Structure formats: structure tokens, C-alpha cells
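Participant: following is a predicted model, sequence given first.
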Amino acid sequence: MEINKTQLEQVNRQLARMMESDNFYGKRLKEAGVTQLSSPEDFTRLPFSEKQDLRDAYPLGLMACPEEEIVRIHSSSGTTGTPVIIPYTAKDVDDWGEMFKRCYEFAGITSRDRIQITPGYGLWTAGIGFQNGCEKLGAMAVPMGPGNTEKQIKMMIDLQSTVLCATSSYALLLAEEIEKRGIRDQIALKKGVIGSERWSAKMRERISSVLGIELYDIYGLTEIYGPGIGINCEHDTGMHYWDDYLYLEIVDPETGENVPDGEWGEIVITTLVKEGAPLIRFRTHDLSRIIPGECPCGSRFPRIDAISGRSDDMMKIKGVNVFPKQIEETLAVFPELSSEYQIRISYHDGKAVMRIYVETDGSNDFKELQRRVSDAFRSRIGFTAMIYVVELGFLPRSEKKTNRIIDERFTAE
Ligand code: ZN
């Protein structure tokens, strides 16, 4: 999707801001000799930025305004290595809230709703983002934060929360708990706003059917404000994103070239009005595509497809490239399997072996099921995986993100 005139002017202002502050990208622009854009074609001459650049700028090297204008920082979870710190001005916090409010509105949530917020509060952008948008909307926030399922369910019943905000893992955990206790008729949930990790269609269906609620996928990343930069509408035709705040490109992850609208690739984001830490052509490593055409809802905001994975999630097994999404799609044709699975990759006799654990209830013949799943893998992905069928509830459920892929090839001696 080509950059429009307004967006181009906004990018020029972002470039000027970064050069003036002489932050990492300002320096890079000067080196590259691209300081202002005069046409849409110029845009792709701008260098990319990567998560590593942001790490190198730790702690406050991303700041592109005088420090007295910064009102808050957030940090990405940083499970590996140096974390990333993103400084926000008051306007950044406000813009983010406006985007998030728009997300709730696209999901049909109003000031009469009671929104139970279960993502974490603190350094990361999750809980506080959901809260900021909720308050701007004028709805009632129930700021639970993560965990303590007992208390979550009590508040859900006592306060008659109508909206649940959660990761998909935690939404599943809560749904299964509510089902187990047989208390669905005591809760008033109508909608779920689910973010922060890729989830399978199967998991979505399970949460939606157990709780009897509509689900909305919210998109975002700490480096670009946080959650709230896009969401699906009631027509569920992909996620609308806010092109008055952001410019999105889809590029081939290998070559970095733009791909035509409709084709899959990596999402690259440029902020248009950010003050504290503007980012130009930031490589998200999230895989999606632009959905061409107009949504039946009539909104003018463009759409991307649900995130299908991360470019760095690709597993190379016996020379075959495998994405988690392919595994989920293979499992999806077996209604007798749950949404949960676990992959373990290790070396066995010098060869990479993939073991896949899948769950089913006790009513199936495990051996026979194992053989059918194994056949499906061979014909669909092209190699033999070792399938282990285990009983429902055996695999770990998580309150945050569920780690379904364990690659032991580089850790085991
Ligand atoms: Zn729509």
C-alpha cells in the first residue's frame, strides 16, 4: 500500500525530529544521505530499523525530544539480553489511548461496559494500555492484572464484567476453569479482547464456544506504543489498523523488498506522529499480509490479516522449513484433538527429530489416533514427526504466553 501525501509529510517531520536529536536513526539518515523525502518512491530508500538498534540505544538513546517532555517509559519483556526502553511524551500516551479507544469501539464496546483487564501492569505496555483506552472510552475498568484465577472469577461474577481482556493462553485457562465449575450462567461476559500472541483458529473457537462470547484480536508491540494499533471489526475480516498514526509495509523477510498487496510477508512499521521515540521502517518480524479491498463494515481503515507467525519462528527440520501455523492447520482437521500441542526438537543419533505432543479426551483409541495424526503430518508437511497422544489437560496452560516449541538442539550437550 503506497504511502500517501499526508503520511509522507508526517514522515518528513519524524525524520527532522530524529536528526535534530541525533539519535541512532538520525545518525543513520545522515550516513545514508537521505534526509527528506520528496516522493513515495523515496520512501523505500530509508534504512530499516531493528530490535537490536533499540537494544544498542539502552537505556534512553531512543529519546527524540527534550527529557522534560518525557512523562513515562515502558520496556519490552526482554526475555533474552538487554531490554528495550521506549520513552513516551504526554501526547504519545494520549495518542495511544485514542487508538485503543478506537479498538474498543470497533469491537462494539461502549461506556456501559465493564472491562476486566488481566494482562500485567508495570514496565510493559499491556495492562496500562487496556486501561488507558478503557478510561478514554468511559467504560468501567476492573484492573485485575494477571493470575489469581480464584479472584478473577469472583470479580467476574460479583461485578458482572462484560468484557474480558487477556492473552489467549489466559483466556483459555479461565474458560476451562469456568466450564469445569459449571458457572457459565453466573457470568455476564459478552466479548473478549485478546492480544499479544498468535493463536490458532481452534483455540479461538474453543474459548468462544465455552464462554459463548465474541472474540476480537488486538494487535500491537511495545516498540510501537503497545497493544491497540489494530483490531478486527464484527465482520472478522482481518484487523483494521490506524493509518493516521502508522504507516505499514509488508516486505519479503529475506530480501526486504515490498511485496504486492495481498501477499504474505513481514510487517514493517513507521510511526507518523510519535514524539518520544519515533521509529522508521521498524522490522517487527510478525508475518501477515495487507487485505485488499473494502471491509463490509465500510470503515476506511486498511486491514492486515491475523498474524500467522514470526519470521524467526521458522523451524528447519531435515532441510524442510516448518512454521507453527502449518502444524496448527494439520492438527485442526482432527476434531478429537484439543487446541494445545507441544513440539520438542532434539538430536537423536545425529539427526534432528521432531516430537509433537497432542491432547485428546479418554474416548479415543490413542494408538489409532497417533497413526492418523502421523500420516497427516507426512502427507502435509513432508516429513515424519513422532506423535505422542496424551490426555486432555496434560500439557501446560499458562497465565501469560504459552511456549509450545522447545528446541533442545542447541542446549543439550
Ligand atoms: Zn471492518
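Facilitator: Arrived safely, thanks for sending.
Participant: and for M315, the neighbour number?
Facilitator: Counted by other C-beta atoms under 10 Å, the residues lying close to M315 total 18. For the C-beta atoms, the positions are set from N, CA and C on the backbone; glycine is no exception.
Participant: an error on my part: the question was meant for R397.
Facilitator: Residue crowding around R397 was assessed by other C-beta under 10 Å; the count is 14.
Participant: make sure it is actually in contact with A175.
Facilitator: No. The pair R397 and A175 does not pass the contact test of C-beta atoms under 8 Å, sitting 10.3 Å apart.
Participant: how about stretch 272-280: buried residues?
Facilitator: 272, 274-280 (16 or more other C-beta atoms under 10 Å).
Participant: what's across from the spatially closest residue to I280 that is not a sequence neighbour in the sheet?
Facilitator: Of all residues not flanking I280 in the chain, T270 sits nearest, at 5.2 Å (C-beta to C-beta, 6 or more residues apart in numbering). In this structure, T270 bridges to Y247 when assessed by DSSP bridges.
Participant: list the contacts for T270?
Facilitator: Under the criterion of C-beta atoms under 8 Å, 6 or more residues apart in numbering, the contact partners of T270 comprise 11, 14, 246-249, 279-282.
Participant: looking at those residues, spot the one nearest the ion.
Facilitator: L248 (16.2 Å; C-beta to the ion).
Participant: sorry, back to before: from the contacts of T270, which land in helices?
Facilitator: Here DSSP state H is the test, and these give 11, 14 as lying in helices.
Participant: just send the contacts of T270 back as CSV, with distance to P83 and pLDDT too.
Facilitator: What follows is those, written out as CSV (distance: C-beta to C-beta, whole Å; pLDDT from 0 to 100):
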residue, distance to P83, pLDDT
V11, 27, 98
Q14, 24, 97
L246, 23, 98
Y247, 26, 98
L248, 25, 98
E249, 26, 98
L279, 16, 98
I280, 21, 97
R281, 22, 98
F282, 16, 98
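Participant: tell me the secondary structure for A376?
Facilitator: Put simply, A376 is helix when judged by DSSP: H, G, I helix; E, B strand; the rest coil.
Participant: that one reaches T330, doesn't it?
Facilitator: Yes. With contacts counted by C-beta under 8 Å, A376 reaches T330, the gap being 5.4 Å.
Participant: excluding covalently adjacent residues, which one is nearest to L123?
Facilitator: Computed as C-beta to C-beta, 6+ apart, the closest residue to L123 that is not its neighbour in sequence is S75, at 4.3 Å.
Participant: now M239
Facilitator: Leaving out its chain neighbours, the residue that sits closest to M239 by C-beta to C-beta, 6+ apart is G230, at 4.2 Å.
Participant: if the one you found is in a bridge, with which residues?
Facilitator: Beta-bridge partners recorded for G230 (DSSP bridges): Y219, Y241.
Participant: need the contact list for it.
Facilitator: The neighbours of G230, taking C-beta under 8 Å, 6+ apart as the test, are 103, 218-220, 239-242, 304.
Participant: each with direction, which strands does the worst-scoring helix or strand of the chain on mean pLDDT pair with?
Facilitator: Among the helical and strand segments of the chain, the one scoring lowest on mean pLDDT, DSSP states H and E is strand 320-322, with a mean of 75. In the sheet, strand 320-322 lines up against strand 315-317 (antiparallel) (DSSP bridges).
Participant: pLDDT averaged over the strand it pairs with, what's the number?
Facilitator: Model confidence over strand 315-317 averages 77 on the pLDDT scale.
Participant: where's it relative to the chain centroid, distance-wise?
Facilitator: Using C-alpha atoms, centre = their mean, to the nearest Å, we find the averaged C-alpha position of strand 315-317 to lie 23 Å away from the chain's own average C-alpha position.
Participant: got it, and stretch 52-61?
Facilitator: Using C-alpha atoms, centre = their mean, the offset of stretch 52-61 from its chain centre is 22 Å.
Participant: ends of that stretch, what's the gap?
Facilitator: For stretch 52-61, the separation between the terminal residues is 13 Å (C-alpha to C-alpha, to the nearest Å).
Participant: please give me every residue in contact with M314.
Facilitator: 321-323.
Participant: try it again at 7 Å.
Facilitator: For M314, the contacting residues are 321, 323, taking C-beta atoms under 7 Å, 6 or more residues apart in numbering as the criterion.
Participant: the residue nearest to L123 against Y88, yeah?
Facilitator: No. Here S75 does not reach Y88: they are 11.5 Å apart, not a contact under C-beta atoms under 7 Å.
Participant: interface residues of the stretch 101-250 of the chain facing the ion?
Facilitator: Taking C-beta under 5 Å from the ion as the criterion, the stretch 101-250 of the chain approaches the ion at residues 233, 235.
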